[in-house]
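> Give the three-dimensional model of this entry:
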Amino acid sequence: MSGKKVTIKSENPKGDLPCIVFNELLAESDKGLVVIQEWWGMNKQIKEEAHNISKMGKFVSIVPDLYRGKIATDNEEAGHLMSNLDWQGAVKDIRASILHLKSMGCKKVGVTGFCMGGALSLAAGALLQGVVDAIAPFYGIPDEKLCDVSTIKCPVQCHFAALDHLVGFSSLKDAEKLEEKLKAGNVDYEMNIYDGAAHAFTNATGPNYNKDSCHLALQRLCTFMNKSLSPEICYERVEERPHFRNRLGLICSCLGSVVGTGNIWRFPRILASNSEEQGGLVFLIAWVLFLVLWSSPMLLIEYGTGRYTRKAVIGSFRHIIGDGATWCGAWITMVTFLISCYYSVVLGWCLYYFVYMIGHDLPETAAEGEKIFQDFAEHSNWPILTHAIASSLAGLAVLRGVSTIEKTNMFLVPLLLVIILFTFVWSLTRDYADVGIRFLFTPHWDSFGEPRLWVDALSQNAFDTGAGMGLMIPYASFMTINNNIVKYGILIPSINNLISLICGIMLFATVFSTMIALEPTISKPGILDIMKQAGPGSTGLTFIWIPVLFSTIGTFGRILCVLFFACLSIAGVTSLVANVEMVTHTLYDFGVPRKFGMPCTVLLLFLGGLASALNLDVLTNQDFVWGFALVINGFMLQIMVVTYGSRKFREEMFNRYSLGDWRLPRVWEWLVKIIAPLEALFIIGWWAYDLIDGEAGDEEKWYEFGRETLVITVVQWGGLMVLLFSINMIYLCCRRSEGEDTVRLLGQKDLETSATEKVISYKDVQL
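So this is what the prediction gives:
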């Protein structure tokens, strides 16, 4: 028997991991196999078994020494070693072994193991998703507290003995329970039961060795692994959802889901609304500050959660902190859905302007632009039709499968960015554009004391980047260890905010240059007042002034204007598709087929946005209430991380689950555990106190049902929260009545049986 002794780095607290590698077939095979020991340790028998399997299947195999040199000689010693094993640490050792084989040139790596090793093989399949490519456990099942085997995504081949009487670990009844869980999770598996065989029937040195069953099982193992580890076989089972095929497509898709009307329509109007007589720099400072202290940390939670659980938002909360947290995931889903309702209305505006600008001359003055917007958005029923068209387009994209969105985004998102950049540069060349830009970057320091500015800065940054919307959770479920989610979570929102800032500069330069050219004596505060009066809450700012800007370019400007609104429409569609997909997939998780879930989502989306389409005041209200609710969404994500354990979350979902990515620093834990929650509580409290002490704006009292008052906000938030929480509690009560474990709020099970009562004793079992 030949084998090379190596020591590899492992994240197990016990330190470096000694291993035996059988690499004589490295020149002719790129398939790797990790062979996990029985409870005896890495003795001569397991090394011979691994070498035999390596030759039979032509694998490059590795045997990690989980006991680090200790070998048992009797059942009592073996039971002692196994009971003292850190199983989480052992899974980290398996991960290190897999990565070592891949560093040697193995393209795919499977894991198999016997007895204790079989249980660890299943644990590796559940906990190392995206790292391990196939598993084949032999007569061993892990404890439910270690992992949920129903979440396994790679193919599984199980081997159990009909005469195995090790109840609670590998008996025939345990194998049947395992099969039920694999079926429930839609795992690609096969179950092999060997008649006449007992526990440890492949161990040639043991009393239960069964030559015929052993030979058949190892043949099946080699056939299964060779098929599963073939490069042309892909077992990533994501129902009706696309895989990101390259990095550019992934980045464009992530940008496409958030770059759109939020940058070009919402940011400039929020910026104008929070600028004072001297300038708007204070808002920009607060807005950038929240990128670092809020949006990026929240997006990192979404990326890590989605890639780790491979579920939508509600499923991720249930997976990480239990059924009692379902209402938290439902809250995030519903807030994003309610944002989608009025977002679809704004997208309809983009579609209308795209068609309108083809057949009409561009407005040359603000008055002409304002008349076009008011005739459409305030004095007609066209917004209902365009809202319906926008909702239907997003629904059709989801029904047909969003795999085409990646290709579409790879073309349209760069095109949109080029047009925005061109428009930005052109706006800078106009006379008096510098006046608007200087005004924008001039501070009005007293604004720091305005709570509404901080509320808008936080909610706008979250809206800009999609932080707290939950959109990146299903997107990240398409990602693997090779996708650098820490880099994406930092760079993509930064690029997105840069685009918003460019749009803000572009609008201020355009408005100031146009107004000064038309009326040289107008004051800066006067121009700002005009910007704030562009529809309720400045909702028409972009739609009024962008056509005016393009009209100064001539005939080519009209072409650019049409192309601008076309790309803005497509970018809006891709953003809305992500929202519709999240809701549709959530319904699918609850058993509603996609062909029914999509029409239901679109119908609800249309009905939910109907009031916003008919009345701009309603749209302004919905935009404020649910845009501000993204702060609570972030708070829900923070609760999930803290409940799971912030250090555990950071290590397991980022630092130990990525190749070539930046390490997520410990400061992220402090941001999520302390700083971000304090931000949310302080800003909400300060805003509420200021409204009670003063007015909400437009001379609205805090207790009135106005557009942006305290009462209208609390009533809508409270109503949704009570509804979702009640449904969650009813669900838990129904489950409890069916005899399941009591589940407390946030999913902490009431385990009446102590851990010691569930420990399996192996002292008297002859293996």
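> quick one: the strands in the stretch 301-450 of the chain?
Using DSSP state E, counting those that start in this stretch, no strands are found in the stretch 301-450 of the chain.
> again, but for the stretch 1-150 of the chain
Taking DSSP E, counting those that start in this stretch, the strands of the stretch 1-150 of the chain run over residues 4-8, 17-22, 31-36, 60-64, 108-114, 134-138.
> To G196, which of the ones you listed lies closest?
G196 lies closest, by Cβ to Cβ, to one member of the strands of the stretch 1-150 of the chain: strand 134-138, at 16.2 Å. No exception for glycine: its C-beta is placed from N, CA and C like everyone else's.
> How is the residue nearest in space to the middle of the chain classified with respect to secondary structure?
For the chain, the residue nearest the mean C-alpha position is I473 (1.6 Å; Cα atoms, centre = their mean). Following DSSP: H, G, I helix; E, B strand; the rest coil, we place I473 in the helix state.
> Flag the shaky bits of the stretch 101-250 of the chain, pLDDT-wise.
Within the stretch 101-250 of the chain, the segments meeting pLDDT under 70 span 231-250.
> again with the stretch 451-600 of the chain
For the stretch 451-600 of the chain, residues meeting the criterion pLDDT under 70 lie at 480-482, 534-541, 589.
> try the stretch 251-400 of the chain
251-260, 398-400.
> which residues of it fall in helices?
For the stretch 251-400 of the chain, applying DSSP state H, counting those that start in this stretch gives helices covering 261, 267-273, 281-290, 296-309, 313-321, 326-359, 366-377, 382-399.
> Would you mark the buried spots in stretch 125-137?
For stretch 125-137, burial by neighbour count (16 or more other Cβ atoms under 10 Å) applies to 125-137.
> again with stretch 179-196
179, 181-182, 185, 187, 189, 192, 194.
> what two of these are the furthest from one another?
The most distant members of the buried residues of stretch 179-196, if one measures by Cβ to Cβ, are G185 and Y194, lying 24.3 Å apart.
> Next, the contact list for C503, please.
By Cβ atoms under 8 Å, 6 or more residues apart in numbering, the contact list for C503 reads 263-264, 267-268, 420, 424, 542.
> Quick check: closest non-adjacent residue to I522.
Excluding its sequence neighbours, the residue lying closest to I522 (Cβ to Cβ, 6 or more residues apart in numbering) is M515, at 5.6 Å.
> Regarding the residue lying closest to A394 once chain neighbours are set aside, what is its secondary structure?
Counting by Cβ to Cβ, 6+ apart, A394 lies nearest to L576, which is 4.1 Å off, once chain neighbours are set aside. At L576 the chain is in helix, as set by three-state DSSP.
> Could you tell me how far L576 is located from R452?
Separation of L576 from R452 (Cβ to Cβ, to the nearest Å): 28 Å.
> These two - which one has more neighbours?
For L576 versus R452, neighbours defined as other Cβ atoms under 10 Å are more numerous around L576 (26 against 19).
> Touching, the more buried one and I339? I think so.
No. Counting by Cβ atoms under 8 Å, L576 sits too far from I339 to count as a contact (10.1 Å).
> Okay, L182 and V132: tell me how far apart.
16 Å.
> And for F512, nearest residue in space, chain neighbours not counted?
Going by Cβ to Cβ, 6+ apart, F512 has G436 as its nearest residue, at 2.9 Å.
> surely the one you found meets A517?
No. Using Cβ under 8 Å, G436 is not in contact with A517, being 11.7 Å away.
> what about those two, which has more around it?
G436 (28 against 12).
> show me what contacts the spatially closest residue to H100 that is not a sequence neighbour?
The shortest distance from H100 to any residue other than its chain neighbours is 4.9 Å, reached at I8 (Cβ to Cβ, 6+ apart). When contacts are counted by Cβ under 8 Å, 6+ apart, I8 touches 16-17, 19, 96-97, 100.
> ok, these vs S612, which is closest?
Comparing the contacts of I8 against S612 with Cβ to Cβ places A96 closest, at 53.3 Å.
> Around the closest one, how many other residues sit close by?
By other Cβ under 10 Å, the residues close to A96 number 21.
> show me the contacts for it.
Contact analysis of A96 by Cβ under 8 Å, 6+ apart lists 8-12, 17, 64.
> distance between the ends of stretch 376-385?
Length of stretch 376-385, first residue to last, Cα to Cα, to the nearest Å: 11 Å.
> for that stretch, which positions count as buried?
Buried residues in stretch 376-385, defined by neighbour count with 16+ other Cβ under 10 Å: 376-377, 382-384.
> okay if I get those as TSV plus distance to I152?
Formatted as TSV, these follow (distance: Cβ to Cβ, whole Å):
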residue	distance to I152
F376	53
A377	51
W382	51
P383	48
I384	47
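> Report the separation between S477 and K595.
21 Å.
> Might one say that K153 is in contact with V131?
No. Between K153 and V131 there is no contact under Cβ under 8 Å: 10.8 Å.
> L128 - nearest residue in space that isn't next to it in sequence?
Once flanking residues are discounted, L128 sits nearest to R95: 5.4 Å by Cβ to Cβ, 6+ apart.
> Run a quick check on that neighbour versus V131, I expect a contact.
Yes. Using Cβ under 8 Å, R95 makes contact with V131 at a distance of 5.8 Å.
> what do these two both touch?
By the contact definition Cβ under 8 Å, 6+ apart, R95 and V131 are jointly contacted by A124.
> Now stretch 75-87 - C-alpha only, CSV.
C-alpha atoms of stretch 75-87 as CSV (Å, rounded to 0.1, in the frame of the first residue of the first chain):
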residue,chain,number,x,y,z
ASN,A,75,-15.2,-0.5,21.7
GLU,A,76,-14.9,1.5,24.9
GLU,A,77,-11.9,3.5,23.7
ALA,A,78,-13.5,4.0,20.3
GLY,A,79,-16.8,5.3,21.9
HIS,A,80,-14.8,7.6,24.1
LEU,A,81,-12.9,9.1,21.1
MET,A,82,-16.1,9.5,19.1
SER,A,83,-18.1,11.1,21.9
ASN,A,84,-15.3,13.6,22.4
LEU,A,85,-15.0,14.5,18.7
ASP,A,86,-15.9,18.1,17.8
TRP,A,87,-18.2,17.3,14.9
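> Tell me how far it lies from the chain's centre.
38 Å (Cα atoms, centre = their mean, to the nearest Å).
> tell me which residues in that stretch are buried?
75, 78-82, 87.
> Distance across stretch 199-215, terminal residue to terminal residue?
15 Å.
> can you list contacts of that stretch?
Contact with stretch 199-215 is made by 38, 45, 48-49, 114-115, 138-139, 161, 163-166, 170, 194, 196-198, 217-218, 765-767, as judged by Cβ under 8 Å, 6+ apart.
> List buried residues within the residues you listed.
When the contacts of stretch 199-215 are checked for burial by 16+ other Cβ under 10 Å, the buried set is 38, 45, 49, 114-115, 138-139, 161, 164, 166, 170, 194, 197-198, 217-218, 767.
> Could you list which of those belong to helices?
45, 49, 217-218 (DSSP state H).
> Just name the closest of these to Y703, please.
Closest to Y703, out of all of those and judged by Cβ to Cβ, is A217, at 73.6 Å.
> Quickly note the distance from that closest one to Y139.
Distance, A217 to Y139, using Cβ to Cβ: 10 Å.
> what's the overlap in contacts for those two?
Taking Cβ under 8 Å, 6+ apart as the criterion, A217 and Y139 both touch 159, 201.
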